[in-house]
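1. curious how this folds, go ahead:
(one chain, ligands or ions: 1)
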Amino acid sequence: YTTAPFHGTHQAALLTPPARNTAFVAFDVTADNRAELADLLRALTARARFLTAGGTPPPVGITGPPSDSGLLGPGVPADGGLRVTVAAGSSLFDGRFGLSGHAPRRLRTMPPFPDDDLDPAWCHGDLGVQLCADSTDTVLHALRDLTRHTRGGLQIRWRLDGFTAPPRPTGAPRNLFGFKDGTANPNPRDTRLMDRLVWTGTRSGEPRWTTGGSYQVVRLIRMLVEFWDRVPRTEQERILGRDRDTGAPLDGDRELDAPRYALDPKGEVTPLDSHIRVAGPRTPEAEDRRLLRRSYNYDRGTDRNGNLDMGLLFCCYQQDLDRQFTAVQRSLAGEPLTDYVTPFGGGYFFALPGVRDGADWYGRALM
Ligand code: HEM
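-> Next up is the predicted model:
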């Protein structure tokens, strides 16, 4: 794996495919004031820069604790492929840090949607930090390092780890319902499309400091896999709107074929209420509400009743929370898939602009 570049206009994980492993951590900021928050963001930047680039942790004296957990051996490998994504929750702008006039215009607390069963212990946060890497130990090493260096000002509120599967056999990784997930994503290399769908800035009516950032929606969605596994395959495919083996739309042959809903106005091939047809109707009007999805599977073991506790750490990025995620989520209300899933947590965040160079730090233009 190659090192994901750390410096840039945008944070790297938005531009790169999902890694094999992730930890999503929501923090409460316990720092007392704006100066302390700025120190915290500087410290977070310095650690993320080091962990991403790799190197040798500084030596320590004989009596002090080692400067590094040692999880990755004597040095931090330069090829870990780590990506750190830092995002602000709306509560960061609640007045504690004198930032209330500076919030991204559409940022607010994630509301419950119909069919949600939100657990407050798994919702929101002042800061969201997502760590992505291809191996679990790289993720955990970074998590230990970042929490150790920010202990005075950050406290973990909730954390969910996730993973993606390797291609089975090709194309997008499969989610825990056995379907390829991520196929119909906008291409991050298409800069004009990303300017239209993902990045915020003055052109999208936002404060100047947000330039190069993006709204991040995280939804923790439990999937009732025992129930799903009893559903006939054709019914599963009608619920989602794609072929389970190939990932092709029901009117196509290959994963990347575009569905042609105009030829099927009554939904005889692809049901009108299937997930992909509602989420992505492929009409000119729906083009502007497309999302950049960066979801992961999660597995939390077993619940108290002996049921498997697994699901989707859904994550998407967009330029405008209302025009994109909210519009799509609202249209999905009552879709047949809702019987098989339970959203229980997550939050709305704003992924900060990228750290541009060695002198820049997360949120500098905001502070
Ligand atoms: C597409 C599964 C939740 C938005 C898909 C696809 C699958 C899938 C299998 C087709 C492959 C692809 O293009 O990625 C699921 C499951 C979910 C879930 C199992 C819950 C556990 C959501 C949520 C949203 C969403 C919460 C947004 C509110 C979309 C969109 C597409 C999509 C926009 C692309 C549609 C298109 O343009 O063809 N999803 N999804 N999904 N999903 Fe979901």
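
2. quick check: the gap between A133 and I156.
-> 19 Å (C-beta to C-beta, to the nearest Å). For every residue, glycine as well, the C-beta is placed using N, CA and C.

3. so for the two, which residue has more residues nearby?
-> Higher neighbour count among A133 and I156: A133, with 25 against 13, using other C-beta atoms under 10 Å.

4. residues in contact with the more buried one?
-> A133 makes contacts with A19, R20, N21, T22, G80, G81, L82, R83, V139, A142, as judged by C-beta atoms under 8 Å, 6 or more residues apart in numbering.

5. try it again with 7 Å
-> A19, N21, G80, G81, L82, V139 (C-beta atoms under 7 Å, 6 or more residues apart in numbering).

6. and the helices in the chain?
-> 34-53, 136-149, 191-197, 225-228, 233-240, 275-279, 327-331 (DSSP state H).

7. redo those helices as TSV? Include mean pLDDT.
-> Listed next are the helices of the chain as TSV, based on pLDDT from 0 to 100:
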stretch	mean pLDDT
helix 34-53	97
helix 136-149	97
helix 191-197	97
helix 225-228	98
helix 233-240	98
helix 275-279	98
helix 327-331	98
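
8. so which bits of this structure are right by the ligand?
-> 175, 177, 179-184, 219, 221, 223, 240, 242, 275-276, 279-280, 291, 312, 314, 325, 328-329, 332, 341 (C-beta under 6 Å from any ligand atom).

9. from those residues, which ones fall inside strands?
-> Per DSSP state E, strands hold the following members of the residues of the chain next to the ligand: R219, I221, M223, L312, F314, V341.

10. any low-confidence regions in this protein?
-> Along the chain, segments meeting pLDDT under 70 span 1-4, 61.

11. from it, which residue is nearest to the ligand?
-> At 2.0 Å from the ligand, G280 is the closest residue in the chain, using C-beta to the nearest ligand atom.

12. my guess is that residue meets P186, correct?
-> No - taking C-beta atoms under 7 Å as the definition, G280 is not a contact partner of P186, at 10.7 Å.

13. distance-wise, check the closest residue to G280 other than its chain neighbours relative to D243.
-> Nearest residue to G280 in three dimensions, chain neighbours excluded: A184, at 5.7 Å (C-beta to C-beta, 6 or more residues apart in numbering). To D243, A184 is 14 Å away according to C-beta to C-beta.

14. what about these two, which has more around it?
-> A184 (21 against 18).

15. that one reaches R282, doesn't it?
-> No - using C-beta under 7 Å, A184 makes no contact with R282, being 9.1 Å away.

16. out of the helices of the chain, nearest to T302?
-> Comparing the helices of the chain by their distance to T302 (C-beta to C-beta), the top pick is helix 225-228, with 11.1 Å.

17. can you tell me what sits against the closest one?
-> Here helix 225-228 has contacts from L176, F177, N307, L308, M310, Y340, using C-beta under 7 Å, 6+ apart.

18. swap the cut-off to 8 Å and go again
-> So helix 225-228 is in contact with L176, F177, Q236, N307, L308, M310, D339, Y340, going by C-beta under 8 Å, 6+ apart.
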